[in-house]
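K.L.:
sequence? don't have it. structure:
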Ligand SMILES: NC(=O)c1ccc[n+]([C@@H]2O[C@H](COP(=O)([O-])OP(=O)(O)OC[C@H]3O[C@@H](n4cnc5c(N)ncnc54)[C@H](O)[C@@H]3O)[C@@H](O)[C@H]2O)c1
């Protein structure tokens, strides 16, 4: 097979994720590197067609990066058989309608998480994609990060013995927007615009837990809106109607208890903005985005509770680093490369719309648990 150019309609490229991670660091980086190599030595070269609402912004991006085509008319690009893939990194609320149109036009689908705003809508999209026979995928970038790749290595080597528990800590202080501008878009703090930390982060925690440790069986969560008033991109005050923190407990796989705190109202006293501590019978690890530290049972210091004396043990010094042992590509780009191979060759791709729907199922269960004070079981969902 000779080299082939694969047209990709990219919607939402004026946004943070769409522009930085997906357009410049993934699709353009792959294009400029000559494409993705296939097993027969040929290459698939992605060619973006920018889609969005603002002509001016699209034209600026296109000119800056040498992109030939852009449009504000989604239907026109979806009806073009020369553009077989539709990618969506729009604000969450805008995703469902656009993805429906793309599936109806027979396009392969790749979307940011969450795949839709509700479980019902997410399952419907998964079902429509399956019925139409289009390849489909959802961004699950954290699995492609060095820290979690190292954690996977540890799991695969049996380092932990039996995994007992996971403690995840995610978050940082997002400025309210009065004194200093907020570093996240204001829609994230309005429930009516698809905001909220549960809808944003639980889909991530779901695929991390599921891919590394097993199916998530139950959710117990408490959400909060710690900061009720914020200031938007125009300096105008608004009421924060969405949750900005969530404290969750998840039963995973074979009796593993995971506890994950997510908060945009917390100041960081960690090495990385997210860290997962995994404790097992034979060893423990603390994995972040990039690094992963371990302690084996054979070198575990003995902690003895004695509040009356200074503790002689320097606990944090008794951990060692898992080495890189290679170069890591940007996580978004690595997943794009897998997805492009999946589209042209049909190679397995585990991050499909149904898997994305399970992430939303966990988010909805978290919100329900917080409202009712109950533990919510996650039943099996399907796209049929
Ligand atoms: N994978 C990740 O780590 C990750 C991280 C952050 C956000 N996300 C997801 O990516 C998506 C985009 O998030 P973002 O932070 O880039 O947002 P953003 O506000 O920076 O960008 C939103 C994009 O959607 C477009 N848009 C379409 N309709 C809109 C409307 N009615 N109002 C506002 N914008 C509209 C905007 O023009 C822009 O291109 C969200 O679904 C979010 O959940 C994923």
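P.N.:
It's in. Quantities reported herein were computed from a predicted structural model and do not represent experimental measurements.

K.L.:
Under a three-state scheme, what state does residue 286 occupy?
P.N.:
strand (DSSP: H, G, I helix; E, B strand; the rest coil).

K.L.:
domains of this protein?
P.N.:
4-140+331-351, 142-328+362-372 (automatic domain parsing).

K.L.:
in the protein, what residue is nearest the ligand?
P.N.:
Residue of the chain nearest the ligand, by Cβ to the nearest ligand atom: residue 15 (2.1 Å). From N, CA and C alone the C-beta is placed, and that goes for glycine too.

K.L.:
number of nearby residues for that residue?
P.N.:
By the criterion of other Cβ atoms under 10 Å, residue 15 has 18 neighbours.

K.L.:
Skipping its backbone neighbours, what lies nearest it in space?
P.N.:
When the adjacent residues along the chain are set aside, residue 15 lies closest to residue 89, with 6.0 Å between them (Cβ to Cβ, 6 or more residues apart in numbering).

K.L.:
try residue 274
P.N.:
residue 170 (4.2 Å).

K.L.:
Pretty sure that neighbour sits against residue 201.
P.N.:
Yes. Using Cβ atoms under 8 Å, residue 170 is in contact with residue 201, at 6.4 Å.

K.L.:
Overlap of the contact sets of the two?
P.N.:
Listed as contacting both residue 170 and residue 201 by Cβ atoms under 8 Å, 6 or more residues apart in numbering are residue 262.

K.L.:
Compare these two and say which one has the larger neighbour count.
P.N.:
Between residue 170 and residue 201, residue 201 has the larger neighbour count (other Cβ under 10 Å), namely 25 against 21.

K.L.:
Isn't residue 51 up against residue 74?
P.N.:
Yes. Between residue 51 and residue 74 there is a contact at 5.6 Å, judged by Cβ under 8 Å.

K.L.:
list the residues that contact both of the two?
P.N.:
Here residue 51 and residue 74 have 9, 11 as joint contacts, going by Cβ under 8 Å, 6+ apart.

K.L.:
and the two? which has more neighbours close in?
P.N.:
residue 51 (29 against 20).

K.L.:
Residue numbers of the stretch 1-150 of the chain in contact with the ligand?
P.N.:
Contacts of the stretch 1-150 of the chain with the ligand, taken as Cβ under 6 Å from any ligand atom, map to 12, 14-18, 52-53, 89-92, 94, 112-113, 139, 141.

K.L.:
What's the PyMOL syntax to select whichever of these are buried?
P.N.:
Buried residues among those (16 or more other Cβ atoms under 10 Å), as a PyMOL selection:
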select buried, resi 12+14+15+17+18+52+89+90+92+94+112+113+139+141
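
K.L.:
Sketch out the helices for the stretch 1-150 of the chain, chain order is fine.
P.N.:
Counting by DSSP state H, counting those that start in this stretch, the stretch 1-150 of the chain has helices at residues 16, 29-32, 55-65, 74-78, 92-104, 119-132, 146-156.

K.L.:
Minimum distance to residue 315: which of these has it?
P.N.:
Smallest distance to residue 315 across the helices of the stretch 1-150 of the chain (Cβ to Cβ): 19.6 Å, for helix 146-156.

K.L.:
Buried residues, the closest one. List them.
P.N.:
Buried positions in helix 146-156, judged by neighbour count with 16+ other Cβ under 10 Å: 146, 147, 148, 149, 150, 151, 154, 155.

K.L.:
Can you lay out these as JSON lines showing pLDDT?
P.N.:
Output for those, formatted as JSON lines (pLDDT from 0 to 100):
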{"residue": "146", "pLDDT": "97"}
{"residue": "147", "pLDDT": "98"}
{"residue": "148", "pLDDT": "98"}
{"residue": "149", "pLDDT": "97"}
{"residue": "150", "pLDDT": "98"}
{"residue": "151", "pLDDT": "98"}
{"residue": "154", "pLDDT": "98"}
{"residue": "155", "pLDDT": "98"}
